[in-house]
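Asker: What follows is a protein structure lacking sequence information:
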Ligand SMILES: NC(=O)N[C@@H](CC(=O)O)C(=O)O
Ligand SMILES: [Zn+2]
Ligand SMILES: [Zn+2]
């Protein structure tokens, strides 16, 4: 446990103040002794520790691609103090034992809080419900997702929603109608997919599932969350559903806020991701929706893949890209520098809202005396060129490699522990 005083930081856009980290909590800075370490943070911004609703840690099963230790170290370097770990591991997190095991791994190896996401269906197979109630009771699971797969069966989705309502759970849907966009679909459907000869993935495959799930949320009085929204069509559906008072939230990934379909013309599998990168007009709609709150949160969909799964012809490579270390940089570049979000807005979309959606009690809390000491100290002016070799992740599928981006994270503190400090230490 660390003890330190941070002086002069802009507290999430609310003006300058001091923070005193003691015994895992924020304490009154006037009580700090003269011997306590002081970090001069004038010109920096302090945000509550970031919370990622959508991380793939790959442990258990694919420790060659990522582990709890390496994935949470990447999280800490990105300013995150909690990550929701998706269930598509091997074995799948579809039982209470599997969820408890992941919790234990997180306690042992985590440089951030590891929150298990439970599978909706056994083995992610989409036919029988997993042990939702047992996972909730024994491991505190509140977010359930078959991510990687869509819960395509409307009846199973309805039953899952009815089930989790009892304990205020939420179903996080990977919205991809498998009949409109099958497992081979890998390029936004349009002129370019035709020219490149890649199977198309139309926005309608996402938006139709989201419309259906909004109706099921209304029918059951339960909560739906939409993973990695990629299209303007889905944004329209979300607006319509939220206007009706339906309890539906959504996240957008950093890559969908910035990268576009044309990158695929190189056939570089680094840019293969599900759902696919889309043209400019979708990127613009996603930025607008994140600014106005239609999309409540950023979720990284950090999806590490080993070399031998990624270095293939485009059609055969595994989909997914790294995201934890660069998420805040991309949000600053696309949302803050452009005037769409202020620092309070960044805190809301990357900490408060994700913590609320996942019903985490000790995360996404204000920087105030008595609250858990989770924070990230941000340098709004620093920039650097991203180097994939410098990552804490075990994988190198980094779509930002070689780009100049903001380099904001100076210090991360999780539960009173320094988990990252720029330049090491
Ligand atoms: N996003 C991806 O392209 N891949 C994810 C699965 C997913 O998020 O659907 C993965 O697990 O690799
Ligand atoms: Zn997904
Ligand atoms: Zn995912």
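Answerer: Perfect, thanks for sending it. Just so we're clear, the structure is a prediction, and the values are computed from it rather than from any experiment. Numbering: from 1, shown residues only. Ligands and ions are numbered 1, 2, ... in the order given.
Asker: after the longest helix seen in the chain comes which helix or strand?
Answerer: Looking across the chain with DSSP state H, the single longest helix is helix 204-220. Proceeding N to C from helix 204-220, the next assigned helix or strand is strand 223-226, under DSSP states H and E.
Asker: If I look at residue 425, what pLDDT would I see?
Answerer: We have a pLDDT of 47 for residue 425.
Asker: how close does the residue nearest in space to the middle of the chain get to residue 202?
Answerer: Nearest to the mean C-alpha position of the chain, by CA atoms, centre = their mean, lies residue 299 at 2.5 Å. Here residue 299 is placed at a distance of 22 Å from residue 202 (CB to CB, to the nearest Å). Every residue, glycine included, has its C-beta placed from N, CA and C.
Asker: what do you get for residue 143?
Answerer: For residue 143, the distance to residue 202 - CB to CB - is 27 Å.
Asker: Which of those two has more residues huddled nearby?
Answerer: Neighbours per residue, other CB atoms under 10 Å: of residue 143 and residue 202, the larger number sits with residue 143, 27 against 18.
Asker: Run through the helices of the stretch 251-400 of the chain in chain order.
Answerer: Counting by DSSP state H, counting those that start in this stretch, the segments of the stretch 251-400 of the chain that form helices are 254-258, 280-292, 307-310, 327-331, 343-347, 353-357.
Asker: Tell me how far whichever residue of the chain sits closest to ligand 2 lies from residue 337.
Answerer: Residue nearest to ligand 2 within the chain: residue 174 (3.6 Å; CB to the ion). Applying CB to CB, the value for residue 174 to residue 337 is 30 Å.
Asker: Those two: who's more crowded?
Answerer: Set residue 174 next to residue 337 and count neighbours by other CB under 10 Å: residue 174 wins out with 25 against 12.
Asker: Once you drop chain neighbours, what's closest to that one?
Answerer: Here the nearest residue to residue 174 in space, its sequence neighbours aside, is residue 147; by CB to CB, 6 or more residues apart in numbering that works out to 4.6 Å.
Asker: correct me, but the one you found touches residue 227?
Answerer: Yes - applying CB atoms under 8 Å as the test, residue 147 and residue 227 come out as touching, 5.8 Å apart.
Asker: Overlap in contacts, those two.
Answerer: Taking CB atoms under 8 Å, 6 or more residues apart in numbering as the contact rule, residue 147 and residue 227 both touch 54, 172, 174.
Asker: Tell me which of these fall in strands.
Answerer: Cross-referencing the shared contacts of residue 147 and residue 227 against strands under DSSP state E gives 54, 172.
Asker: between the shared contacts of residue 147 and residue 227, which is closest to residue 207?
Answerer: Nearest to residue 207 among the shared contacts of residue 147 and residue 227: residue 174, at 13.8 Å, using CB to CB.
Asker: what residues are up against the residue nearest to residue 174?
Answerer: Counting by CB under 8 Å, 6+ apart, residue 147 touches 54, 86-88, 117, 172, 174, 227.
Asker: Please produce JSON lines containing the residues you listed, extended by pLDDT and distance to ligand 1.
Answerer: Listed next are those as JSON lines, based on pLDDT from 0 to 100; distance: CB to the nearest ligand atom, whole Å:
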{"residue": "54", "pLDDT": "99", "distance to ligand 1": "7"}
{"residue": "86", "pLDDT": "99", "distance to ligand 1": "7"}
{"residue": "87", "pLDDT": "99", "distance to ligand 1": "10"}
{"residue": "88", "pLDDT": "98", "distance to ligand 1": "5"}
{"residue": "117", "pLDDT": "99", "distance to ligand 1": "11"}
{"residue": "172", "pLDDT": "99", "distance to ligand 1": "10"}
{"residue": "174", "pLDDT": "99", "distance to ligand 1": "5"}
{"residue": "227", "pLDDT": "99", "distance to ligand 1": "7"}
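Asker: how about the residues of the protein near ligand 1?
Answerer: Counting by CB under 6 Å from any ligand atom, the chain comes close to ligand 1 at 56, 88, 147-148, 174, 273-274, 301, 303, 319-320.
Asker: so how many other residues sit close to residue 23?
Answerer: Number of residues near residue 23 (other CB under 10 Å) recorded here: 10.
Asker: Residues of this protein that sit close to ligand 2?
Answerer: When proximity is defined by CB under 5 Å from the ion, the chain lies next to ligand 2 at 147, 174.
Asker: if you set the cut-off to 6 Å instead, what comes out?
Answerer: Counting by CB under 6 Å from the ion, the chain comes close to ligand 2 at 147-148, 174, 227-228, 274.
Asker: Could you work out the most separated pair of those?
Answerer: Taking CB to CB, the two most distant members of the residues of the chain next to ligand 2 are 148 and 228; they sit 11.1 Å apart.
Asker: Who has more neighbours out of the two?
Answerer: For residue 148 versus residue 228, neighbours defined as other CB under 10 Å are more numerous around residue 228 (26 against 19).
Asker: Could you look up the SS state of the more buried one?
Answerer: coil (DSSP: H, G, I helix; E, B strand; the rest coil).
Asker: near ligand 3, which residues of the stretch 101-250 of the chain show up?
Answerer: Residues of the stretch 101-250 of the chain lying close to ligand 3 (CB under 6 Å from the ion) are residue 147.
Asker: Report how many residues lie close to whatever residue of the stretch 251-400 of the chain ends up closest to ligand 3.
Answerer: Ligand 3 sits closest to residue 301 of the stretch 251-400 of the chain, with a gap of 4.4 Å, by CB to the ion. Neighbourhood size, residue 301 [other CB under 10 Å]: 30.
Asker: give me the element residue 51 is part of.
Answerer: Residue 51 is part of strand 50-55, with elements assigned from DSSP H and E.
Asker: How far does that strand sit from its chain's centre?
Answerer: Centroid separation for strand 50-55 versus its chain: 3 Å, with CA atoms, centre = their mean, to the nearest Å.
Asker: okay, now residue 14: neighbour count?
Answerer: Residue 14 has 13 neighbours, counted by other CB under 10 Å.
Asker: Isn't it up against residue 344?
Answerer: Yes - counting by CB under 8 Å, residue 14 touches residue 344, with 7.1 Å between them.
Asker: With residue 351 as the reference, measure out to the closest residue to residue 340 other than its chain neighbours.
Answerer: Among residues not flanking residue 340 along the chain, residue 291 sits closest, at 4.1 Å (CB to CB, 6+ apart). As judged by CB to CB, residue 291 and residue 351 stand 17 Å apart.
Asker: Same question for residue 306.
Answerer: Taking CB to CB, one finds residue 306 at 31 Å from residue 351.
Asker: which one of these two has more residues nearby?
Answerer: More crowded of residue 306 and residue 351, by other CB under 10 Å: residue 351, with 30 against 18.
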